[in-house]
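Asker: Compute the structure for the input listed below.
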Amino acid sequence: PALLRIGRNELELGNNFSASESFERALELDPETAAAHEGLGRIAAAAGDMQQAADHLERALEQDSQASAVHDALGQVYRELGDLDRARAHLGQSGDVVTRITDPLIQPLAELAANVPF
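Answerer: Okay, the predicted model is just below:
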């Protein structure tokens with residue numbers, strides 16, 4: 001989770017190289033990390049590698065189908081690739097739900113708090 005948060009922060013700051021390093025390391029630890037694939041997809045798109053961007057963003061959606069913000073990025077990528085049907089389909093599903101970052105240290109506390117009666 002820390003690598004993913006660092007990667008997102010670096011990406012927001014425009015430090016794509018540092019962000020990429022964090023996301024790649026996160027994928028080494030868990031190859032199915034949606035947030036890492038999303039980050040690498042956004043970095044690839046910014047670098048103009050639209051096919052790699054599409055591959056990463058598709059993997060992100062496979063792992064976290066509720067991450068509607070990924071649809072916007074993927075729609076833009078497919079538009080750049082000239083696949084307007086896919087672009088429209090993804091843009092029509094876009095929203096503001098980002099990929100989830102689950103933290104195994106925090107999750108039990110969140111579950112405990114959710115079950116405390118008030």
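
Asker: mind listing what residue 50 touches?
Answerer: By CB atoms under 8 Å, 6 or more residues apart in numbering, the contact set of residue 50 is 44, 77, 80, 81. From N, CA and C alone the C-beta is placed, and that goes for glycine too.

Asker: where's it relative to residue 2, distance?
Answerer: Distance, residue 50 to residue 2, by CB to CB, to the nearest Å: 30 Å.

Asker: Which residues does stretch 93-109 contact?
Answerer: 1, 4-5, 34-35, 38, 60, 63-64, 66-72, 75.

Asker: among these, which ones are buried?
Answerer: If you count burial by 16 or more other CB atoms under 10 Å, the buried members of the contacts of stretch 93-109 come out as 4, 34-35, 38, 60, 63-64, 67-68, 70-72, 75.

Asker: For the residues you listed, which two are the farthest from each other?
Answerer: Comparing every pair within these by CB to CB identifies 4 and 75 as the most remote, at 23.0 Å.

Asker: Quick check: which element contains residue 22?
Answerer: Using DSSP states H and E, residue 22 sits in helix 16-29.

Asker: so which helix or strand takes in the residue sitting nearest the centre point of the chain?
Answerer: Central residue of the chain (CA atoms, centre = their mean): residue 38, 2.5 Å from the mean position. Secondary structure from DSSP H and E places residue 38 in helix 34-46.

Asker: Give me the pLDDT value at residue 118.
Answerer: pLDDT for residue 118: 60.

Asker: is it true that residue 32 touches residue 26?
Answerer: No - look at residue 32 against residue 26 with CB atoms under 8 Å: they stay out of range, at 10.5 Å.

Asker: Just list the residues touching residue 61, thanks.
Answerer: Taking CB under 8 Å, 6+ apart, we find residue 61 in contact with 34, 67, 70, 71, 74.

Asker: What does the pLDDT read for the closest residue to residue 45 other than its chain neighbours?
Answerer: Nearest residue to residue 45 in three dimensions, chain neighbours excluded: residue 53, at 3.8 Å (CB to CB, 6 or more residues apart in numbering). For residue 53, the pLDDT comes out at 98.
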